[in-house]
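# let me see the structure of the following:
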Amino acid sequence: MMRKTFVIIASGAIALMALATVQLAPSASAQDDETYRLMELFATVFERVKQDYVEQVEDRELMEAAINGMLTSLDPHSSYLNRDHFKDMQVQTRGEFGGLGIEVTMENGLVKVVSPIDDTPAARAGLEPGDYITHLDGAAVTGMTLNEAVDMMRGRVGTDIVLTVRRETREPFDVTITRDVITIKSVRHRMEGEDVGYLRVTSFTEQTDSGLRDSVEALKDEAGDTLKGFVLDLRNNPGGLLDQAVAVADAFLDKGEIVSTRARDLDDTQRFNARPGDLAGGLPMVVIINGGSASASEIVAGALQDHGRALVVGTDSFGKGSVQTIVPLPGNGAMRITTARYYTPSGRSIQAKGIEPDILVPPARLELMDTSRRRTEADLRNALDVDAGGDAGATDEPGGHPDASDANAEAESDDGLSDYQLTRAVDLLRGLALYRERAALQ
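Residues are numbered from 1 along each chain as shown. Below is the predicted model:
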């Protein structure tokens, strides 16, 4: 039955022939008859659009839109990925690509360098924050979208590209840069004072677990015996790979369940458990979340909260409690489809509810006065209902993330002094450490 369906939607001509054949076959059931009738309706609409629409439309464009419409009608996170979108998604989740190593934005029609990434071709070539890129291999960037410009700068490792750069202090100049493997750092770290390690996880890619472990070890080496604990910042982290969320939670847990996923068939329930070994050595932890923390971020926060391993502060998280599976399709595209919900260790479902922090710490910004624009999972079209059983959920691939405007309203600050949530988290961590020290003396 499914094989016939895929053949039917391959092209307009094949669809009509297939439908004619299908109608001659005896119906297996009334449900099959209804399915064939609806497929005939689809073929009729398809042909009518091709014949009568005011402009000519490509068959592929119509078919891909129809497939995407079928999937997006299910929930906010299911969708069709064409060849280019699937490739982009793989780059995001893999965490590395062939490129130059610069963070860029679009300003006044030109590509503006936000920052070259350390130890990358762009940094070695001397590009500086504030530089404007006017041409790529001689082609003017004016009129390009940011994605188009980024696509031109990415490419096969070892190949060259010529950038024409405009800098305030000199005349425009050309610089030839050789593309190299660029690793997207999803984990950043620094010391807050001399005694608190700060870990910022921006997304969950294939590099996240290894990046986290490297960062923890670096903080331990820097602080030595003065280290009192860690602040794990998951604000505005839209999620990512489920296995990486499990790995990050596992890094700070000695035992117990991290998360369970439950599909339509309960026999497909999966449970992920922690292995012995706490990367932080049992030191106190505080996790910061906000309305931009979704999916894999909520798995980590929920696991550490349920086990009492960390104090969770901030504001309610996004509330995406579903797992998406990526299914490659013929033609190099893919289907992203919701296949399960997830439960935190205590049996909670965060679908459309989110993780509630142990201590509410608003960002103390004027934007808080207008909460009407804040979006959560429950606001999304076709969002899955809150699980009546009280517990389910899941997450995984990027897509269907928190709205960008919400993320910007509660964005992190590199300056800890102006970041009220981080300041409170550090104070709470030091209080936890002091309490433990005094309790140990009694």
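# what about Gly281, distance to Asp214?
16 Å (CB to CB, to the nearest Å). Every C-beta, even on glycine, is put in place using the N, C-alpha and C of the backbone.
# who has more neighbours, those two?
Under the criterion of other CB atoms under 10 Å, the comparison of Gly281 against Asp214 puts Asp214 first, with 14 against 11.
# ok, and the closest non-adjacent residue to that one?
Val187 (7.7 Å; CB to CB, 6 or more residues apart in numbering).
# the one you found contacts Leu212, correct?
Yes - contact between Val187 and Leu212 holds when scored by CB atoms under 8 Å: they sit 5.0 Å apart.
# show me the common contact partners of those two, please.
199, 201 (CB atoms under 8 Å, 6 or more residues apart in numbering).
# let me see the contact set for Ala425.
231, 233, 286, 288, 313, 361.
# residue boundaries of the helices in the protein?
2-8, 12-24, 30-52, 59-72, 83-94, 121-124, 146-153, 208-223, 242-251, 296-306, 404-409, 420-441 (DSSP state H).
# Ser317: which of those is closest?
helix 296-306 (5.0 Å; CB to CB).
# what angle do the closest one and helix 208-223 make?
Between helix 296-306 and helix 208-223, the angle comes out at 60 degrees (axes from the mean of the first three to the mean of the last three CA atoms, to 10 degrees).
# pull the contacting residues for the spatially closest residue to Gly211 that is not a sequence neighbour.
In space, and not counting its chain neighbours, Gly211 is closest to Val187: 3.6 Å by CB to CB, 6+ apart. Val187 is in contact with 199-202, 207-208, 211-212, 214-215, counting by CB under 8 Å, 6+ apart.
# check Leu81 too.
Per CB under 8 Å, 6+ apart, neighbours of Leu81: 89, 326, 333-336.
# before we move on, what about Thr145?
Taking CB under 8 Å, 6+ apart as the test, what Thr145 contacts is Met106.
# torsion angles phi and psi at it?
Main-chain dihedrals, Thr145, degrees, to the nearest 10: phi -80, psi 170.
# how much space between it and Arg179?
Computed as CB to CB, the Thr145 to Arg179 distance reads 21 Å.
# again with Asp84
From Asp84 to Arg179 the distance is 19 Å (CB to CB).
# neighbour count winner among the two?
Arg179 (21 against 12).
# distance of the more buried one from Arg83?
Taking CB to CB, one finds Arg179 at 21 Å from Arg83.
# now Ile258
With CB to CB as the criterion, Ile258 and Arg83 are 34 Å apart.
# which residue of these two possesses the greater neighbour count?
Shown here are Ile258 and Arg83; by other CB under 10 Å, Ile258 has more neighbours (25 against 13).
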